[in-house]
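> this one's sequence-less:
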C-alpha cells in the first residue's frame, strides 16, 4: 500500500478545502464530548477544518499535517474529514477506515458512493453506511497558485456526507 506522500497528484487534485458552512450542515449530528480525528490533513496547513469542528461542536479535535493516516492512527472516538478526491488515495483511505472501524463522517463525491470499490471495500460492513444528502452543491475553498484560498468555489460535481456506524434517524440524512 502506498501513502499520500508518494502520490504526485495529491496537491493538484486534492486542494479543495471544507468551509465552515459545509461543516455546519452536519453539526447537529456530531455527538458531544468526543475526540474527533480530522484525519486527512496531510499537506493541508491551509485547512481550517480542525478549528471549525472544535468551534461548532465543542469537542476536542486532533490532527497532524505531517502524519499520514495510512501509516499511523491517532486516538479518537470518531473521524470527521474531507477525504482526497483522487481515486487511488480514496480507496486506500476507505480501506483504512474500515480497518480502524470507528464511527466516521466523510465528504465524498456523490457518484463514488455507488462505485464497485465501495462495495468491495466495505463488504458486509456496508450495512453500517448512511448517506447524508445536502441540498445543492457543497461549496469548497480552492487553493490558488498564489497560495490564497478562493471562497465559494463551485464544483462540477455533487458531494455528500457518508456516515459509518452513526445510526442516524431518517430526518438527519437530509441537510
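Looks like it arrived, so ask away. Because the structure is predicted, anything quoted here is derived from the model rather than measured. Numbering: from 1, shown residues only.
> from residue 147, how far off is residue 30?
Taking C-beta to C-beta, to the nearest Å as the criterion, residue 30 is separated from residue 147 by 30 Å. (C-beta placed from N, C-alpha, C; glycine too.)
> show me which of these two is the more surrounded one.
Set side by side, residue 30 and residue 147 give different neighbour counts by other C-beta atoms under 10 Å, the larger being at residue 30 (18 against 7).
> the residue nearest to residue 20 when sequence neighbours are not counted: what's it in contact with?
Residue nearest to residue 20 in three dimensions, not counting chain neighbours: residue 52, with 4.8 Å by C-beta to C-beta, 6 or more residues apart in numbering. When the contact criterion is C-beta atoms under 8 Å, 6 or more residues apart in numbering, the partners of residue 52 are 18, 20, 23.
> mind checking how far residue 52 is from residue 117?
29 Å.
> let me see the contact set for the nearest residue to residue 34 once chain neighbours are set aside.
Leaving out its chain neighbours, the residue that sits closest to residue 34 by C-beta to C-beta, 6+ apart is residue 77, at 4.0 Å. Taking C-beta under 8 Å, 6+ apart as the definition of contact, the neighbours of residue 77 are 31, 34, 35, 36, 102, 103.
> state the pLDDT value of residue 77.
Reading off the per-residue confidence, residue 77 sits at a pLDDT of 98.
> buried set for the top helix by length along the chain?
Ranked by residue count under DSSP state H, the longest helix found in the chain is helix 87-100. Judged by neighbour count (16 or more other C-beta atoms under 10 Å), helix 87-100 contains these buried residues: 89, 90, 91, 92, 93, 94, 95, 96, 97, 98, 100.
> quick check: next helix or strand after it?
Moving toward the C-terminus from helix 87-100, the next helix or strand (DSSP states H and E) is strand 104-109.
> so where is the protein shaky, pLDDT-wise?
Under the criterion pLDDT under 70, the flagged ranges of the chain are 1-14, 43, 153-154.
> which one in it is furthest away from the centre?
Within the chain, residue 146 marks the point farthest from the mean C-alpha position, 25.0 Å out by C-alpha atoms, centre = their mean.
> residue 105 versus that residue, what's the distance?
If you measure residue 146 against residue 105 using C-beta to C-beta, the figure is 32 Å.
> swap in residue 36?
Distance from residue 36 to residue 105, by C-beta to C-beta: 9 Å.
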